[in-house]
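Engineer: This is the structure alone, sequence omitted:
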């Protein structure tokens, strides 16, 4: 074997190239220092002589301002906090039990539903991605958005929907009894994780409006029975699905703090609801600048206080519903159509809008809200005092020599008109109607009573004429309960109105397969209503709230329910941002 001598490896001489790099780097750095120094001197001379460097707009906008002394001015970040004054701390945070305006507003902040209402009051998908109806109108199928999530990241599934509806259907459900009765006969079937089938006992196109029911997370509430819902203490651990989640509940300050789940740039965040004991306290807080907005201001208060308009912007979206003068058609005075139509001719709606409501409402005509796609007022009677007197005389109501009030068969035309005491606007309208009808020989006695007493009088059919309002919290236009003859004895048809053709239109409308078909039947009903005049629709209300000038709210949508207003807060911005 030949032995080989192993030589140690020749060491790499890394020092020499590294030294060259170090020297080269030092030269470059020194050169840059000189350049920067020259630029600084040159820039200072330009500033000294009042000059300026011209750059593109985007770069200028991104630079930090510099004072004359050369000290940078750090721009303060936008204050995105929005504080809103409202009245009455919510007694529950459970959306299924929400009754007051403050409770409904919290529910709208935190929770979503299968459907919501669009700007015309028609149903549109929310948690649903698709909604189909069978040809017989009895089966509604909802497909959930597969991307929908609870605030804790869990997916929203058909199980949550079935669980929520089962709570409402339960006999021990502590919420709205009418809501429970509506859902009780409806059968739900889970097709898969994201598909639910609703089986109705009969066709009802208005069913989609009831899908505004807030959906609860089964993984948070699943261990509770329906009868326990009112006793559950809810706090910041509440898991919702809406644009906001609860950040803090400050009972000492009477505040609830919300934060946006996915805030856009310069969106309001956090949002704070601050609760006051009374409306005057809330208004004062807004006028003093303690809050950025106020959730509701009665129109009469806006008229009485010019400072409200000066403090910010008043927002007045349309509100689904109407206020009307309802006749008890069983009463001898109002059995004849001519007499009812004479009163409609004798009421000057435009004068009422101008002198009493002044921007607080829109002119009434039909029992279908003006915001609805089904609204068709028909040929209703316009203000015409001469025609009113002719119709009254045709029915035997005449003025005797020297009398100002008409009489028939020795009986004067006297009308007790009941109105609720907690609505000063309606009382003012009733007083103006009193003046207007006196001009055609009818004496109206305005009787102000509590809302409970008024409801009792209506339920017992113990009234001659009444002024009250109708509003839907779901967006459903279903006039069956209010106007169908079958509801005249013990239902909500307090007037006792009975007309065969009107009945047919109402039944056909609720059994329609599509909204377009429903609207055709409602057009026919509205024409019958205009001809028969069971009530005089006076005005369609508007909802009034206000925000400070620093808030940009955009174009407000008409409201089905006042609580829906807060769904738009996620789109509000700080002015100029």
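Structural biologist: Yep, that arrived. Keep in mind the model is a prediction, meaning the values are calculated, not measured.
Engineer: how's this structure carved up into domains?
Structural biologist: 112-231, 244-317+543-574, 322-541 (automatic domain parsing).
Engineer: Kindly reformat those domains as CSV containing mean neighbour count, distance to residue 95 and mean pLDDT.
Structural biologist: Using the backbone N, CA and C atoms, a C-beta is placed for each residue, glycine as well. Shown next, in CSV, are the domains of the chain (neighbours: other Cβ atoms under 10 Å; distance: least, Cβ to Cβ, whole Å; pLDDT from 0 to 100):
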stretch, mean neighbour count, distance to residue 95, mean pLDDT
domain 112-231, 17, 4, 95
domain 244-317+543-574, 18, 10, 93
domain 322-541, 18, 13, 93
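Engineer: For residue 92, find the nearest of the ones you listed.
Structural biologist: Closest to residue 92 of these is domain 112-231 (Cβ to Cβ; 7.2 Å).
Engineer: gap between the two ends of that closest one?
Structural biologist: Terminal residues of domain 112-231 lie 23 Å apart, using Cα to Cα, to the nearest Å.
Engineer: which stretches of the stretch 151-300 of the chain form helices?
Structural biologist: Residue ranges of the helices in the stretch 151-300 of the chain, as given by DSSP state H, counting those that start in this stretch, are 158-169, 177-183, 218-221, 279-287, 299-304.
Engineer: contacting residues around the second one?
Structural biologist: The contact list for helix 177-183, computed with Cβ atoms under 8 Å, 6 or more residues apart in numbering, reads 165, 168-171, 173, 210, 213.
Engineer: of all those, which comes closest to residue 545?
Structural biologist: Distance to residue 545, by Cβ to Cβ, is smallest for residue 213 among the contacts of helix 177-183, at 25.1 Å.
Engineer: What strand or helix carries residue 351?
Structural biologist: Following DSSP states H and E, one finds residue 351 within helix 349-352.
Engineer: Remind me what the helix or strand just after that helix packs against, helices and strands.
Structural biologist: Later in the chain than helix 349-352, the nearest helix or strand by DSSP H and E is strand 361-363. Helices and strands touching strand 361-363, by 3 or more Cβ pairs under 8 Å, 6 or more residues apart in numbering; DSSP states H and E, are strand 535-541.
Engineer: Distance of the closest residue to residue 543 other than its chain neighbours relative to residue 562?
Structural biologist: Among residues not flanking residue 543 along the chain, residue 319 sits closest, at 4.4 Å (Cβ to Cβ, 6 or more residues apart in numbering). Distance, residue 319 to residue 562, using Cβ to Cβ, to the nearest Å: 7 Å.
Engineer: how about the strands of the stretch 101-250 of the chain, start to end?
Structural biologist: Applying DSSP state E, counting those that start in this stretch to the stretch 101-250 of the chain gives strands spanning 115-117, 123-125, 128-133, 139-144, 187-192, 195-199, 244-250.
Engineer: how much space between the residue nearest to residue 543 and residue 481?
Structural biologist: 20 Å.
Engineer: what does residue 230 give?
Structural biologist: Residue 230 sits 27 Å away from residue 481, taking Cβ to Cβ as the criterion.
Engineer: Likewise for residue 564?
Structural biologist: Residue 564 sits 22 Å away from residue 481, going by Cβ to Cβ.
Engineer: Same question for residue 105.
Structural biologist: Counting by Cβ to Cβ, the separation of residue 105 from residue 481 is 27 Å.
Engineer: that older thread, got a list of contacts for the helix holding residue 351?
Structural biologist: Defining contact as Cβ under 8 Å, 6+ apart, one finds that helix 349-352 is touched by 363-364, 383, 429, 432-433, 436, 538-539.
Engineer: repeat for stretch 382-392
Structural biologist: With contacts defined as Cβ under 8 Å, 6+ apart, stretch 382-392 is touched by 338-339, 341-343, 345-350, 381, 398, 406, 413, 439-442.
Engineer: can you pull the contacts of residue 562?
Structural biologist: 101, 104-105, 296, 319, 543.
Engineer: same check, this time on residue 210
Structural biologist: The neighbours of residue 210, taking Cβ under 8 Å, 6+ apart as the test, are 182-183, 474, 476.
Engineer: for residue 557, same thing?
Structural biologist: 118-119, 317, 564, 568.
Engineer: quick revisit: phi, psi for the residue nearest to residue 543 please.
Structural biologist: phi -120, psi 130 (degrees, to the nearest 10).
Engineer: tell me the contacts of it?
Structural biologist: If you count contacts by Cβ under 8 Å, 6+ apart, residue 319 has them with 471, 540-543, 558-559, 562.
Engineer: mind checking how far it is from residue 242?
Structural biologist: According to Cβ to Cβ, residue 319 stands 21 Å off from residue 242.
Engineer: what's the first-to-last distance across stretch 484-497?
Structural biologist: One end of stretch 484-497 sits 7 Å from the other (Cα to Cα).
Engineer: So what touches that stretch?
Structural biologist: Contacts to stretch 484-497, defined as Cβ under 8 Å, 6+ apart, come from residues 326-330, 458-459, 461, 463, 466, 480-483, 498-499, 502-503, 506-507, 532, 534-535.
Engineer: Need the max-distance pair from the contacts of residue 210.
Structural biologist: Farthest pair in the contacts of residue 210, by Cβ to Cβ: 183 and 476, 13.6 Å.
Engineer: doesn't residue 372 make contact with residue 318?
Structural biologist: No. Taking contacts as Cβ atoms under 8 Å, residue 318 lies outside contact range of residue 372: 10.0 Å.
Engineer: Please identify which of the strands of the stretch 101-250 of the chain is closest to residue 450.
Structural biologist: With Cβ to Cβ as the yardstick, what comes closest out of the strands of the stretch 101-250 of the chain is strand 115-117 (31.4 Å).
Engineer: Direction included, what does that closest one pair against?
Structural biologist: strand 123-125 (antiparallel) (DSSP bridges).
Engineer: and residue 445, that's in a strand?
Structural biologist: Yes. Secondary structure of residue 445 (DSSP: H, G, I helix; E, B strand; the rest coil): part of a strand.
Engineer: In which helix or strand does the closest residue to it other than its chain neighbours reside?
Structural biologist: Setting aside the residues directly before and after it, residue 445 is nearest to residue 416 in space (Cβ to Cβ, 6+ apart), at 4.9 Å. According to DSSP H and E, residue 416 maps onto strand 414-420.
Engineer: What strands flank that strand, and is each parallel or antiparallel?
Structural biologist: strand 443-449 (parallel), strand 465-470 (parallel).
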